[in-house]
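Peer 1: Got a sequence here, can you model it:
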Amino acid sequence: MSWIILVLAGLFEIGWAIGLKYTEGFTKLWPTVGTVAAMAISVGLLGVAMRDLPVGTAYAIWVGIGAVGTVILGMVLMGDAASPGRLISLGLIIAGIIGLKLAS
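Peer 2: Got it, this is the predicted structure:
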């Protein structure tokens with residue numbers, strides 16, 4: 001169950017990272033409210049997951065999920081570059097996440 005909670009925490013991290021763009025420097029009320037809520041939920045779920053998971057593994061996977069998801073959504077929603085170097089780097093992050101899960 002802790003792994004599922006950790007994945008949910010990572011998904012909320014993606015939400016708040018993308019949400020930051022839509023807050024326009026925290027000048028738009030509802031995007032700001034949603035972003036702050038996603039931040040709180042993400043960190044809260046991370047804390048719950050860390051009850052049973054090693055802190056280094058949980059944190060690294062949380063960050064990895066957030067990073068990969070944010071980069072992908074940046075490419076899809078915001079037109080960020082999808083160069084071969086970026087895609088290879090995403091693959092390496094994913095490989096690291098899988099490696100940490102298998103080693104835990």
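Peer 1: nearest residue to the most centrally placed residue in the chain other than its sequence neighbours?
Peer 2: When the chain is reduced to its mean C-alpha position, the nearest residue by C-alpha atoms, centre = their mean turns out to be Gly66, at 1.5 Å. Nearest residue to Gly66 in three dimensions, chain neighbours excluded: Glu13, at 3.5 Å (C-beta to C-beta, 6 or more residues apart in numbering). All C-beta atoms are positioned from the backbone trio N, CA, C, and that covers glycine.
Peer 1: Who are the contact partners of that neighbour?
Peer 2: Contact criterion C-beta atoms under 8 Å, 6 or more residues apart in numbering gives Ala38, Ser42, Trp62, Val63, Ile65, Gly66, Gly69, Thr70 as the residues in contact with Glu13.
Peer 1: list the buried ones in the strand or helix carrying the last one?
Peer 2: Just to be clear, that refers to Thr70. With elements taken from DSSP states H and E, the one containing Thr70 is helix 55-78. For helix 55-78, the neighbour count (16 or more other C-beta atoms under 10 Å) marks 57-58, 60-62, 64-71, 73-75 as buried.
Peer 1: The residue nearest to Gly66: which element?
Peer 2: helix 2-23.
Peer 1: One more: Ala81?
Peer 2: Here Ala81, judged by DSSP H and E, is contained in no helix and no strand.
Peer 1: Angles on the backbone of it, please.
Peer 2: phi -60, psi 140 (degrees, to the nearest 10).
Peer 1: Verify the stated contact: it with Met75.
Peer 2: Yes. Here Ala81 lies in contact with Met75, judged by C-beta atoms under 8 Å, at a distance of 7.4 Å.
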